[in-house]
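*Asks:* I would like to see how this sequence folds:
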Amino acid sequence: PGAEVPADGVEAGAAPSWTAPAERELLAQLAAEVPAGGLIVEIGGLYGGATAVLAQAAPEAQVVVVDDFSWAPRGEASEDVLLMNMQRRGITNVQVVAGDSTVVGPTWDKPIDLLFVDGGHSYHFVASDLRNFGPHARVVACHDFHNPFWPDIERAIQEWLDEHPERFLDTVVHMTAVLR
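*Replies:* So this is what the prediction gives:
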């Protein structure tokens, strides 16, 4: 497993991230597999730490962040803050859909090359994100798998895998599970 992430996050480029270094490396590897013109969807962008990793690893792909910015552990989180953090890094391939993923998800109909789920950490949110966005995704990465603070994340993932026998748990790096 990667190094522990401090409770207040770590700087990942231009924005704080609550992912371990090994998880950021995994996200970069997964994003690098996305073809030019492909689509990466991140549920829960917060300040853009993981967003920056995804966008920089796949500069010719589009990164869409779905977040209602209702949770902010350190200062204000908003679409403007996330996009400003991207601008500081010269990242131009990020678009924000400001909204609740449980509202945006049911109408989603675009193919997704990489889905990164790290939004609401309740069973309700994770199950909804997987149900609504997962079928459109070639690869799904879910953060906080095996996290003792949010055991319902693992339950939602396992139930989704049970409902989709064509999918499987490929690997787990620190607390990020990759589903294919």
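*Asks:* If the residue sitting nearest the centre point of the chain is in a bridge, with which residues?
*Replies:* The chain has residue 116 as the residue nearest its centroid, 2.9 Å off, counting by Cα atoms, centre = their mean. On the basis of DSSP bridges, residue 116 is bridged to residue 42, residue 141.
*Asks:* for it, what are its contacts?
*Replies:* Contacts for residue 116 were tallied using Cβ atoms under 8 Å, 6 or more residues apart in numbering; they are 27, 40-43, 50, 54, 140-143. Every C-beta, even on glycine, is put in place using the N, C-alpha and C of the backbone.
*Asks:* now do residue 145
*Replies:* Contacts for residue 145 (Cβ under 8 Å, 6+ apart) come out as 153-154, 157, 172, 175-177.
*Asks:* can you confirm it is in a strand?
*Replies:* No - using DSSP: H, G, I helix; E, B strand; the rest coil, the assignment for residue 145 is coil, not a strand.
*Asks:* how much space between it and residue 130?
*Replies:* 12 Å (Cβ to Cβ, to the nearest Å).
*Asks:* can you check residue 17 too?
*Replies:* In terms of Cβ to Cβ, residue 17 sits 22 Å off from residue 130.
*Asks:* and residue 109, how many neighbours?
*Replies:* Other residues near residue 109 come to 6 when the count uses other Cβ atoms under 10 Å.
*Asks:* Verify the contact between it and residue 136 for me.
*Replies:* Yes - in terms of Cβ atoms under 8 Å, residue 109 counts as a neighbour of residue 136; the distance is 7.3 Å.
*Asks:* that older thread, helices - which of the contacts of residue 145 land there?
*Replies:* Members of those lying in helices (criterion: DSSP state H): 153-154, 157.
*Asks:* Scan the residues you listed and report the most crowded one.
*Replies:* Ranked by neighbours (other Cβ under 10 Å), the ones in helices among the contacts of residue 145 are led by residue 153, which has 26 neighbours.
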